[in-house]
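Student: sequence plus predicted model, see below.
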Amino acid sequence: KPVAQPGEVENPVLPEPTRLQRQLERTLEENLADLPRGCDWGTKKDSKGKKESWRGYKLHLDAIDGDVPISWLVTSASMHDSQAAIPLAQMSAERVTSLYDLADAAYDAKEIRLMSERLGHVAIIDHNPRRGEKREFAPAEAIRYRQRSSAERVNSHLHDNHGGRHVRVRGAAKVAAHLSFGLLVIAAEQLLTMLC
């Protein structure tokens, strides 16, 4: 590497773009191909702050009003949830017309907000306090944000009633198929409930 002479400015080495930065410039298919799918260890904190670990995979899903799951994908258990936000938004935008993207503070990233804007959506994402001062929602946003728990309700329904808690197959493709059957049943149930 040549040494800079006195008075010369060395060319700075630009850092590699993050996965979220790369996802903004790629198609859905390219983004899906980039996500890790191998079986590994995942860890999360429960509602009481206790760490829980498991070996396997992680389901990421997008649900609309009425708790209807519309998009989902399975990744390695260790992948952070925010890494699936842009591919899920792209997938959902191909399937339905929606106006809002609701997410908790784990998804507070400028890239996710930018993708939401590109799709013509309003991003209602809880601000993460580690990014500075905690900002509160406007009153109308706070009311809309309450619907965000639909993804948790769908996840709970899948675990409790449709085989999500005890997956007895191996491999990302088989796990995804197993969970997809349960999610399809939930979607049908929720649509029938809305019709009745």
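Tutor: Cool, the structure landed. Residues are numbered from 1 along each chain as shown.
Student: just the helices from the chain, written as ranges.
Tutor: Ranges of helices in the chain, per DSSP state H, are 19-24, 28-34, 85-95, 110-118, 139-145, 150-161, 172-195.
Student: closest to residue 43 out of these?
Tutor: Distance to residue 43, taken as CB to CB, is lowest for helix 150-161 among the helices of the chain, at 17.3 Å. For every residue, glycine as well, the C-beta is placed using N, CA and C.
Student: so who does the closest residue to residue 148 other than its chain neighbours touch?
Tutor: Nearest residue to residue 148, sequence neighbours excluded (CB to CB, 6 or more residues apart in numbering): residue 102, at 3.9 Å. By CB atoms under 8 Å, 6 or more residues apart in numbering, residue 102 lies in contact with 124-125, 144-145, 147-148.
Student: ok, and the most crowded of those?
Tutor: residue 125 (22 neighbours; other CB atoms under 10 Å).
Student: which residues does that residue contact?
Tutor: 101-105, 107-108, 112-113, 116.
Student: what's the closest of the contacts of residue 102 to residue 74?
Tutor: residue 148 (21.4 Å).
Student: low-confidence ranges in this structure?
Tutor: Applying pLDDT under 70 to the chain flags residues 1-11, 131.
Student: point to the residue nearest the middle of it.
Tutor: residue 85 (3.5 Å; CA atoms, centre = their mean).
Student: quick check: that one touching residue 106?
Tutor: No. The criterion here is CB atoms under 8 Å, and residue 85 misses it with residue 106 at 9.1 Å.
Student: who's in contact with the closest residue to residue 126 other than its chain neighbours?
Tutor: Closest residue to residue 126 apart from its sequence neighbours, by CB to CB, 6+ apart: residue 105 at 4.3 Å. Contacts for residue 105 were tallied using CB under 8 Å, 6+ apart; they are 125-129.
Student: repeat the analysis, applying 7 Å as the threshold.
Tutor: 126-128 (CB atoms under 7 Å, 6 or more residues apart in numbering).
Student: longest strand anywhere in this structure?
Tutor: Criterion DSSP state E: the longest strand present in the chain is strand 51-64.
Student: which strands and helices lie in contact with that strand?
Tutor: Here strand 51-64 touches strand 40-45, strand 68-76, helix 85-95, helix 150-161, helix 172-195, going by 3 or more CB pairs under 7 Å, 6 or more residues apart in numbering; DSSP states H and E.
Student: noted, bye for now.
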